[in-house]
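J.: For reference, the sequence and a predicted model appear below.
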Number of protein chains: 2
Amino acid sequence: MAIEIKISLNEGIYLRDPQDSALGRNIIKYSIFLIEDIGFESFNFKKLAQEMNSTEASIYRYFENKHLLLIYLVSWYWEWVAYLIKINTLNIDDPKRKLEIIINSFVSASVDNPSTDFVDESKLHSVIIAEGMKAYRTKEVDDENGKGFFKNYKQLINNVAGVILEINPTFEYPYALASNLFEMSNNHIYFAKHLPRLTDIKVGENKFSDVEKMLNYFAAKLLGY
Amino acid sequence: MAIEIKISLNEGIYLRDPQDSALGRNIIKYSIFLIEDIGFESFNFKKLAQEMNSTEASIYRYFENKHLLLIYLVSWYWEWVAYLIKINTLNIDDPKRKLEIIINSFVSASVDNPSTDFVDESKLHSVIIAEGMKAYRTKEVDDENGKGFFKNYKQLINNVAGVILEINPTFEYPYALASNLFEMSNNHIYFAKHLPRLTDIKVGENKFSDVEKMLNYFAAKLLGY
DNA sequence: TTTTAAATAATAGTATAACTATTAAAACAA
DNA sequence: TTGTTTTAATAGTTATACTATTATTTAAAA
């Protein structure tokens, strides 16, 4: 059974919707693989074109530059996590259980539950962990935020903050805790792999149960349960 | 009274110690200003040379590339924060008070207490907030970590983790909490300025008391006091 | 004090990356 | 079948990253 989720992303991010053509879908598919492989700094449209047997100029017809392609991938990821949270909390009432599911979604958005055949969510998660923040740590952030490029992230955090307030309506920092849980998840998976002295947890091959346990502990302590 | 702190940084980061010549000190001074002004992506050695009335090739004699210059700046910052913490906790016994001072150092390492005339610590802090993580979110991280380029960060976190364990010897995540307090400080100052829907705090012109309050609250809750 | 050697900086490049104007080829409609 | 539009490839230009070589300055030795 094929699951159909139409990912709707801000139209300003791309020149042409990559979801609408085989070439466009290939750009998304191969860019995830190539960025994971060589890193965002070394990644460019010429190498991507080689990888997918197309041309540089063709890719430029879909994205103005590699920075906007990264924003596209990151936005896709945010939407995907929001979708995971939505379907997995549909018939859950207990907000504490909801937050557990949210944390599980942050940590292991790499479940083999492909929404589409051209996006490997597990690989995408790896890219987000290593490169995600580069999408919004730039001099263009205010301009791009004004255009709504980070709406998906803000919406996701807003939903999580809502659950946090359900658990503890007097908690002073629902948005900060929500975004921190998300950022911390990615940070500590990265630290465990590359700078282990900056964390206490260990991770195995796509096995992030330590991270999950830690985030649940932090949330419970902070929200007082 | 001039304060003399000799910042000792890993020699592999630079080709020639920039502290040892007027040109080298200018590279550090003007790079901080220029990166803050135009962002790390747009920053390059040609523009830096123009800014300081020198030449591109001369700068390349000090740093292999702009990435290593960023690592130098970030390492300087870590050393500077460690130094601030050290002198301000010298005759403090209460570990809870020590952690307060640590958090204050994370948040406002921008005090007008210049260690050297060629580094504006307040501007450097701005650069770290916006660009700092780009120093270690690259494909070269394992190689560079092996060369000891991030030793200053790990040492800083190790010291903070020690204080955390003084407060609560059974706390399971001393390193994760230490690094999270540091990263969270920079993240939420950035969010407050550029993506305010991702946080609850507000910041003014170099006025970060909200962030400080939040981090103290998080630490107290997590460590159970 | 002059000469020589070493250290330092500037000139003038090359190679690669980022981006675009133009042309060619498909797809579709009249 | 021909004209129109969409899509992709060719062949560039401009800008960035980096380096080999030459020139200049500084310092040491004679």
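T.: Ah, there it is. Numbering: from 1, shown residues only, chains lettered A, B, ... in the order given.

J.: Within range of DNA strand C, give me the residues from chain A.
T.: By C-beta under 7 Å from any atom of the strand, the residues of chain A that approach DNA strand C are A:42, A:44-46, A:56-57, A:60, A:64-66. All C-beta atoms are positioned from the backbone trio N, CA, C, and that covers glycine.

J.: just the buried members of those residues?
T.: Neighbour-count burial (16 or more other C-beta atoms under 10 Å in any protein chain shown) applied to those gives A:45, A:66.

J.: which is the next helix or strand following the longest helix anywhere in chain A?
T.: Ranked by residue count, the top helix of chain A under DSSP state H comes out as helix A:66-89. Remark: after helix A:66-89, the chain's next helix or strand is helix A:95-107, criterion DSSP states H and E.

J.: is that following helix up against chain B anywhere?
T.: No. With C-beta under 8 Å from any C-beta of the partner chain as the threshold, helix A:95-107 lies outside contact range of chain B, at a closest distance of 13.8 Å.

J.: for that helix, packing partners?
T.: helix A:66-89, helix A:151-167, helix A:174-194, helix A:209-223 (3 or more C-beta pairs under 8 Å, 6 or more residues apart in numbering or on different chains; DSSP states H and E).

J.: quick one, what contacts the spatially most central residue of chain A?
T.: Computing the C-alpha centroid of chain A and ranking residues by C-alpha atoms, centre = their mean puts A:Tyr77 first, at 3.5 Å. A:Tyr77 is in contact with A:109, A:124-125, A:128, A:132, counting by C-beta atoms under 8 Å, 6 or more residues apart in numbering or on different chains.

J.: any chance of these in JSON lines, plus pLDDT and distance to A:Lys98?
T.: As requested, the contacts of A:Tyr77 are exported to JSON lines (pLDDT from 0 to 100; distance: C-beta to C-beta, whole Å):
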{"residue": "A:Ala109", "pLDDT": "68", "distance to A:Lys98": "16"}
{"residue": "A:Leu124", "pLDDT": "93", "distance to A:Lys98": "24"}
{"residue": "A:His125", "pLDDT": "94", "distance to A:Lys98": "21"}
{"residue": "A:Ile128", "pLDDT": "96", "distance to A:Lys98": "22"}
{"residue": "A:Gly132", "pLDDT": "95", "distance to A:Lys98": "24"}
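
J.: which one of these sits closest to DNA strand C?
T.: Set against DNA strand C, the nearest of those by C-beta to the nearest atom of the strand is A:Gly132 (18.3 Å).

J.: from memory the closest one sits against A:Val74, does it?
T.: Yes. The criterion here is C-beta atoms under 8 Å, and A:Gly132 meets it with A:Val74 at 5.4 Å.

J.: Near DNA strand D, which residues of chain A? Just list them.
T.: Residues of chain A lying near DNA strand D (C-beta under 7 Å from any atom of the strand): A:16, A:21-23, A:54-58, A:61.

J.: so what's A:Leu124 up against?
T.: With contacts defined as C-beta under 8 Å, 6+ apart, A:Leu124 is in contact with A:32, A:73, A:76-77, A:80.

J.: Out of these, which is nearest to DNA strand C?
T.: Nearest to DNA strand C among the contacts of A:Leu124 is A:Leu73, at 15.7 Å by C-beta to the nearest atom of the strand.

J.: contacting residues around the residue in chain A positioned nearest to DNA strand C?
T.: Closest residue of chain A to DNA strand C, C-beta to the nearest atom of the strand: A:Asn44 (2.5 Å). Shown in contact with A:Asn44 (C-beta under 8 Å, 6+ apart): A:Lys66.

J.: which among the residues of chain A next to DNA strand D end up buried?
T.: Among the residues of chain A next to DNA strand D, those buried by neighbour count (16+ other C-beta under 10 Å) are A:Ser54.

J.: Identify those among the residues of chain A next to DNA strand D that sit within helices.
T.: A:22-23, A:56-58.

J.: can you redo the residues you listed as a markdown table with pLDDT?
T.: Shown next, in a markdown table, are those (pLDDT from 0 to 100):
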| residue | pLDDT |
| --- | --- |
| A:Ala22 | 85 |
| A:Leu23 | 87 |
| A:Glu56 | 87 |
| A:Ala57 | 86 |
| A:Ser58 | 88 |
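
J.: any weak-confidence spans in chain A?
T.: A:1-6, A:109-115 (pLDDT under 70).

J.: What residue in it is the furthest from its centre?
T.: Outermost residue of chain A (C-alpha atoms, centre = their mean): A:Thr170, 28.7 Å.

J.: host element of that one?
T.: Counting by DSSP H and E, A:Thr170 is part of no helix or strand.

J.: Any chance of TSV for the contacts of A:Tyr77, columns secondary structure?
T.: TSV is the format used below for the contacts of A:Tyr77 (DSSP: H, G, I helix; E, B strand; the rest coil):
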residue	secondary structure
A:Ala109	coil
A:Leu124	helix
A:His125	helix
A:Ile128	helix
A:Gly132	helix
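
J.: before we move on, the earlier item: which one among the ones in helices among the residues of chain A next to DNA strand D gets closest to A:Ile92?
T.: The closest of these to A:Ile92 turns out to be A:Ala22 (C-beta to C-beta; 38.6 Å).

J.: Next one: A:Leu23 from chain B, what distance?
T.: Separation of A:Leu23 from chain B (C-beta to the nearest C-beta, to the nearest Å) stands at 27 Å.

J.: And the helices and strands packed on helix A:95-107: which comes nearest B:Glu140?
T.: Nearest of the helices and strands packed on helix A:95-107 to B:Glu140, taken as C-beta to C-beta: helix A:174-194 at 10.3 Å.
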